[in-house]
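Asks: Prediction below, plus the sequence it came from.
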Amino acid sequence: MTLPFLDNPVKAEQLDPFAEDFLADPYPGHALLREAGPVVRLERYGIWAMARYQQVYDSLRDADTFCSSAGVGISNFHQEEPWRQPSLLLEADPPAHTGVRSVVNRVLSKRALEVLRSSFERKAEAVVESALAKGSIDGFTDLGRLFPMQVFPDAVGIKDPDRSMLLPYGEMAFNAFGPQNALFEKSMENVGEVSAWIGTQCLRESLTDDGLGAQVHAAAEAGEITPEQAPLLVRSLLTAGVDTTVHGLGHALYNLARNPGQWQLLREDPTLGRAALDEAVRLESPVQTFFRTTTREVQVEGTTIPQDQKVLLFLAAANRDPDRWEEPECYDIRRDTRGHVGFGAGIHMCVGQMLARLEADVLFTVLARKESTLELEAEPTIRLNNTLRGYASIPLRITPN
Ligand code: OVM
């Protein structure tokens, strides 16, 4: 975002948080929004916005007032046709949400995921060894993207060896939470083909017998959910589980590389791998924003928001709110990150966070044990998306000591 000239200040109310210059550097805009007040009306879109930690956190935890069933993007499902059948998890409210969520909670619980650790470790070893052999690497393509792409589809149980449509599908879904701008249109170019491939992968017969997808289908066989719900819940795994972890791991790698002291801390104590991800998720918020929709007229710190209004929650701005965090811009893997909203909060809080943390734990433990230095060779380049913050490339140098 272009910084305001003194004689022509940009008003928070006039910001376009989905404009490419805003997305390329959202932080000045976030500061402006936080300073403008607890609630800001964004005139361009006729929506409301919250960027301070307290209001973002409180709204996420008040699903009765700030609901998800009208969509968690800018589109109001009460007025517009969604681009795909709504998610049974993300775009649902209690009571419909509750039962399906508890099934997915169980499938993605920390305990249940431990069985994946040894195969993740083998793949991390191979990925890290080939990065070390190269020396000069792209931290995005060679590590941050490669590792989740090697472990996640197999963990779900996708049998199709061609996984090339997983990332484009996530790109679509996350762009689709924003307005129908050029970023959205571009990512939607192959929506038919990509959605059809995803739809097929969600069916029981497309999945292995021992993966997370089969466990979702087993819940249908046990009568906990209906047979129609199972493939849609597998779709949730495929939508939410790829781009998010790819960018989260990328942010952690970038921040470790540009903060040698933090890389040193991780090398001295490889159990800090999870913390390296959590602090990266707080600092960089791979999912920058989500919307809620008001179910009634509500007062927020003196501002009246009418019923059925879209409210944009700036998770990323809340995660750097100086009223909540000490040195919010500083990457510190020893920080107490509890309460960050990078994974959301309340009933919709990221159900896959234990899988993301397992991926981080394994990858960073293997990396940290290699006795290597990790350095930034050049600044990363951003990949723009209406909702995601992540990279197209992170030039790194990884050298054995
Ligand atoms: C879903 C889902 C859940 C979380 C995030 C997300 C695209 C999607 O259930 O499809 O982002």
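Replies: Arrived safely, thanks for sending.
Asks: for the ligand, what are the nearby residues on this structure?
Replies: With Cβ under 6 Å from any ligand atom as the criterion, the chain meets the ligand at residues 87, 89-90, 173-174, 236, 239-240. All C-beta spots, glycine's among them, are computed from the backbone N, C-alpha and C.
Asks: go with 8 Å
Replies: When proximity is defined as Cβ under 8 Å from any ligand atom, the chain approaches the ligand at 87-91, 170, 173-174, 177, 233, 235-236, 239-240, 243-244, 287, 348, 350-352, 387.
Asks: Out of those, which sit inside helices?
Replies: Members of these lying in helices (criterion: DSSP state H): 170, 173-174, 233, 235-236, 239-240, 243-244.
Asks: List only buried entries from those.
Replies: Buried residues within those, defined by neighbour count using 16 or more other Cβ atoms under 10 Å: 170, 173-174, 233, 235-236, 239-240, 243-244.
Asks: which one's the longest helix in this protein?
Replies: Under DSSP H, the chain gives helix 117-134 as its longest helix.
Asks: Using PDB, write out every CA atom in that one.
Replies: Only the C-alpha atoms of helix 117-134 are listed here, as PDB (Å, rounded to 0.1, in the frame of the first residue of the first chain):
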ATOM      1  CA  ARG A 117       4.900 -39.300  12.300                       C
ATOM      2  CA  SER A 118       7.300 -42.000  11.100                       C
ATOM      3  CA  SER A 119       6.300 -41.700   7.400                       C
ATOM      4  CA  PHE A 120       6.400 -37.900   7.700                       C
ATOM      5  CA  GLU A 121      10.000 -38.300   9.100                       C
ATOM      6  CA  ARG A 122      11.200 -40.400   6.300                       C
ATOM      7  CA  LYS A 123       9.800 -37.900   3.700                       C
ATOM      8  CA  ALA A 124      11.300 -35.000   5.700                       C
ATOM      9  CA  GLU A 125      14.700 -36.700   5.700                       C
ATOM     10  CA  ALA A 126      14.600 -37.100   1.900                       C
ATOM     11  CA  VAL A 127      13.400 -33.500   1.300                       C
ATOM     12  CA  VAL A 128      16.000 -32.000   3.600                       C
ATOM     13  CA  GLU A 129      18.800 -34.100   2.200                       C
ATOM     14  CA  SER A 130      18.100 -33.000  -1.300                       C
ATOM     15  CA  ALA A 131      17.900 -29.400  -0.200                       C
ATOM     16  CA  LEU A 132      21.300 -29.700   1.500                       C
ATOM     17  CA  ALA A 133      22.700 -31.300  -1.700                       C
ATOM     18  CA  LYS A 134      21.600 -28.300  -3.700                       C
END
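Asks: Just the mean pLDDT for that helix, thanks.
Replies: Average pLDDT, helix 117-134: 97.
Asks: cool, and stretch 27-45?
Replies: For stretch 27-45, mean pLDDT rounds to 98.
Asks: which parts of that stretch are buried?
Replies: By neighbour count on 16+ other Cβ under 10 Å, the buried set for stretch 27-45 is 29-34, 36-42, 45.
Asks: Farthest-apart pair in those, please.
Replies: Maximum pairwise distance in those, criterion Cβ to Cβ, is 20.0 Å, between 31 and 45.
Asks: before we move on, which element is the residue nearest to residue 144 when sequence neighbours are not counted in?
Replies: Leaving out its chain neighbours, the residue that sits closest to residue 144 by Cβ to Cβ, 6 or more residues apart in numbering is residue 250, at 3.5 Å. Element membership for residue 250, per DSSP states H and E: helix 243-258.
Asks: Tell me the buried residues in that helix?
Replies: Buried, per 16+ other Cβ under 10 Å, within helix 243-258: 243-258.
Asks: Same check on stretch 100-118?
Replies: 100-101, 103-104, 107-108, 113, 116.
Asks: Columns pLDDT on top of the buried ones among the ones in helices among the residues of the chain next to the ligand, output as a markdown table?
Replies: Below are these laid out as a markdown table (pLDDT from 0 to 100):
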| residue | pLDDT |
| --- | --- |
| 170 | 98 |
| 173 | 98 |
| 174 | 98 |
| 233 | 98 |
| 235 | 98 |
| 236 | 98 |
| 239 | 98 |
| 240 | 98 |
| 243 | 98 |
| 244 | 98 |
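Asks: nearest to residue 80, of those?
Replies: Closest to residue 80 out of those is residue 173 (16.1 Å), distances taken as Cβ to Cβ.
Asks: quick one: that closest one from residue 351, how far?
Replies: 16 Å (Cβ to Cβ, to the nearest Å).
Asks: returning to that earlier point: who are the packing partners of the longest helix of the chain?
Replies: Contact here means 3 or more Cβ pairs under 8 Å, 6 or more residues apart in numbering; DSSP states H and E; on that basis helix 117-134 packs against helix 146-156, helix 353-368, strand 395-400.
Asks: can you put the ones you listed in CSV and add mean neighbour count and distance to residue 50?
Replies: What follows is these, written out as CSV (neighbours: other Cβ atoms under 10 Å; distance: least, Cβ to Cβ, whole Å):
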stretch, mean neighbour count, distance to residue 50
helix 146-156, 23, 30
helix 353-368, 24, 22
strand 395-400, 18, 36
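Asks: Least confident of these, on average?
Replies: Confidence, taken as mean pLDDT, is least for strand 395-400 of the helices and strands packed on helix 117-134 (a mean of 94).
Asks: what about it, distance to the chain center?
Replies: Remark: strand 395-400 is offset 26 Å from the chain centroid, using Cα atoms, centre = their mean, to the nearest Å.
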